[in-house]
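Colleague: Okay, predicted coordinates and the sequence, questions at the end:
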Amino acid sequence: MNRNGWICLIASLLVLIGGTIGALAIHNDVPKRLTNSPLLAQPTVDESKTAAADKTLKDIIFATQKLVVMIETDNGLIGSGFLYNDQGDLITNGHVVIGAHKVKVRTADARELDGTVIGIGTDVDVAVVRVPELAGTSPLELETEHMGEIGDEVIAIGSPLGYQNTVTTGIISGVGRELDIEPYSYKDMYQISAPIAHGNSGGPLVDRETGAVIGINSAGAEQGAIGFSIPIGQVLSLAEGWSASPMTKLPDNLAMDSDIFQEGEVGDVTFEDMASYLVTHFYDSLNSGDYVYAYSLIGSTWTASTSYDTFREGYLGTRNISIDDLSVEVQEDERAVVTANITAQERVDGAFVDTPYKVVYTVGYENDQLKLLSGKGQRIVTQ
């Protein structure tokens, strides 16, 4: 090899060695100088909102139901309440516990606990019940900074007619509603499409998107699927005040207009009424697409033979079901046979057609809850 060839070879080796040393230095030193995460790893959206958006309807219902209770007083009134702090304090409506100092509280896991009314409003329909055995339990999240708007999807949870942890879905259909029901005045209420029945009062109104409590379900129209809820921001300061300093003497001059509120007066509600209500509510749930709740109304023998997916799939092609006629035959051992003629709008070849059916349900108690123990339907063939 001539002199120029040796020079080129040596130069190439020097460049190669230098490049290798430089690459090693960059590999070892540069990472030490970087303090920020890679740009692609930076979140581009609010992670809390993303987490909330990832919650399914089932997730929100399950998480909320665990912290909603049924409240019973010695004079036969029933209502609902929900855990709002870690001291074991429940928020409910004042009219649920009027005239009571001690109440019974039934939890979602069937425990029966003692509660004490530690505060009740004289102008605002709110009260706080303390249950020592619930102290230390993480409460529901409350949304006090933002008001709900018309069209927001909501979930109402309570114990209508003693059906504990009943779930009803709907939307906020009006805002700023006002009512006067002695001794309370209601202002700036949410009007919701989810019906509020006897026993729902005091339960939470939950935002479908975030899972946070935005109101207290407080009143219902006698006709139609309309309910009214007090925004949680209106009552939270009162509740927190009673939690910090419980009333030493409850007001004794409160009395509700019994013609409007008859919360849970079980003596006025017959077993026939409850059986009829259960079947009607079953179809209301199907019509609103709340298959989870509808499935929860059927008994264990039925669920053992029909999975939730099979149950849901059976109604996906049905747009609406109307009850044309319904009768109840009460039998012995607290059971009833409910017979109804219904019309189902079913999808056939891409179009919806009205199909009449005759359905028969057996209604009875299972673990102290009224259930649809069995059911069958037959299509009515017109001549």
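Modeller: Structure's in. What do you need? Computed from a prediction, not measured in an experiment: that's the story for all the values here.
Colleague: Reduced to three states, what does G233 come out as?
Modeller: helix (DSSP: H, G, I helix; E, B strand; the rest coil).
Colleague: Which per-residue confidence value corresponds to it?
Modeller: At G233, the model reports a pLDDT of 93.
Colleague: ok, for it, nearest residue in space, not its chain neighbours?
Modeller: T144 (4.4 Å; CB to CB, 6 or more residues apart in numbering). Yep, even glycine has a C-beta here, placed from its N, CA and C like the rest.
Colleague: Surely that neighbour touches S237?
Modeller: No. The criterion here is CB atoms under 8 Å, and T144 misses it with S237 at 9.6 Å.
Colleague: any idea how far G121 is from T144?
Modeller: Counting by CB to CB, to the nearest Å, the gap from T144 to G121 is 17 Å.
Colleague: So which of those two has more stuff around it?
Modeller: G121 (20 against 14; other CB atoms under 10 Å).
Colleague: ok, that one - contacts?
Modeller: By CB atoms under 8 Å, 6 or more residues apart in numbering, G121 lies in contact with 94, 127, 184, 235, 238.
Colleague: Looking at those residues, which are in strands?
Modeller: Using DSSP state E, 127, 184 are the members of the contacts of G121 that sit in strands.
Colleague: I'd like to check which residues are in contact with the nearest residue to L373 once chain neighbours are set aside.
Modeller: In space, and not counting its chain neighbours, L373 is closest to G299: 4.2 Å by CB to CB, 6+ apart. G299 makes contact with 364, 366, 371-374, according to CB under 8 Å, 6+ apart.
Colleague: Also E346?
Modeller: Counting by CB under 8 Å, 6+ apart, E346 touches 317-319, 352-353, 355.
Colleague: buried residues in stretch 85-98?
Modeller: For stretch 85-98, the buried set under the neighbour-count rule, 16 or more other CB atoms under 10 Å, comprises 85, 87-98.
Colleague: I'd like these as a markdown table, with pLDDT and distance to I61 appended.
Modeller: Listed next are the buried residues of stretch 85-98 as a markdown table, based on pLDDT from 0 to 100; distance: CB to CB, whole Å:
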| residue | pLDDT | distance to I61 |
| --- | --- | --- |
| N85 | 96 | 22 |
| Q87 | 95 | 25 |
| G88 | 96 | 23 |
| D89 | 97 | 23 |
| L90 | 97 | 19 |
| I91 | 97 | 19 |
| T92 | 96 | 20 |
| N93 | 93 | 22 |
| G94 | 92 | 27 |
| H95 | 89 | 26 |
| V96 | 91 | 22 |
| V97 | 91 | 26 |
| I98 | 88 | 29 |
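Colleague: ok, which stretches of the stretch 1-150 of the chain are helices?
Modeller: 3-33, 47-53, 57-65 (DSSP state H, counting those that start in this stretch).
Colleague: and those helices, which one's lowest on average pLDDT?
Modeller: helix 47-53 has the lowest average pLDDT among the helices of the stretch 1-150 of the chain, namely a mean of 48.
Colleague: wait, isn't H198 in contact with P160?
Modeller: Yes. Between H198 and P160 there is a contact under CB under 8 Å: 6.2 Å.
Colleague: Give me the more crowded residue out of those two.
Modeller: P160 (26 against 23).
Colleague: Correct me if wrong: the more buried one contacts A194.
Modeller: No. Using CB under 8 Å, P160 makes no contact with A194, being 10.8 Å away.
Colleague: buried sites along stretch 218-235?
Modeller: Applying 16+ other CB under 10 Å to stretch 218-235 flags 218-220, 225-235 as buried.
Colleague: Closest to D59 out of these?
Modeller: Within the buried residues of stretch 218-235, proximity to D59 (CB to CB) peaks at I232, which comes in at 20.8 Å.
Colleague: which ones are touching the closest one?
Modeller: 142-144, 213-216.
Colleague: can we see that at 10 Å?
Modeller: Shown in contact with I232 (CB atoms under 10 Å, 6 or more residues apart in numbering): 84, 91, 126, 140, 142-144, 148, 204-205, 212-216, 239.
Colleague: Now list the buried members of those.
Modeller: The neighbour-count test (16+ other CB under 10 Å) marks 84, 91, 126, 140, 142-143, 148, 204-205, 212-216, 239 as buried among these.
Colleague: Next step: these restricted to strands.
Modeller: Per DSSP E, these map to strands at 91, 204-205, 213-216.
Colleague: anything in contact with each of P160 and A194?
Modeller: Contacts common to P160 and A194, judged by CB under 10 Å, 6+ apart, are 168, 200, 217, 220.
Colleague: ok, now which ones touch the residue nearest to the second one when sequence neighbours are not counted?
Modeller: For N200, ignoring the flanking residues on the chain, the nearest one in space by CB to CB, 6+ apart is G158 at 3.6 Å. Under the criterion of CB under 10 Å, 6+ apart, the contact partners of G158 comprise 68-70, 78-82, 164-168, 194, 196-205, 217, 227.
Colleague: Can you flag the buried ones in these?
Modeller: 68-70, 78-82, 164-168, 194, 196-205, 217, 227.
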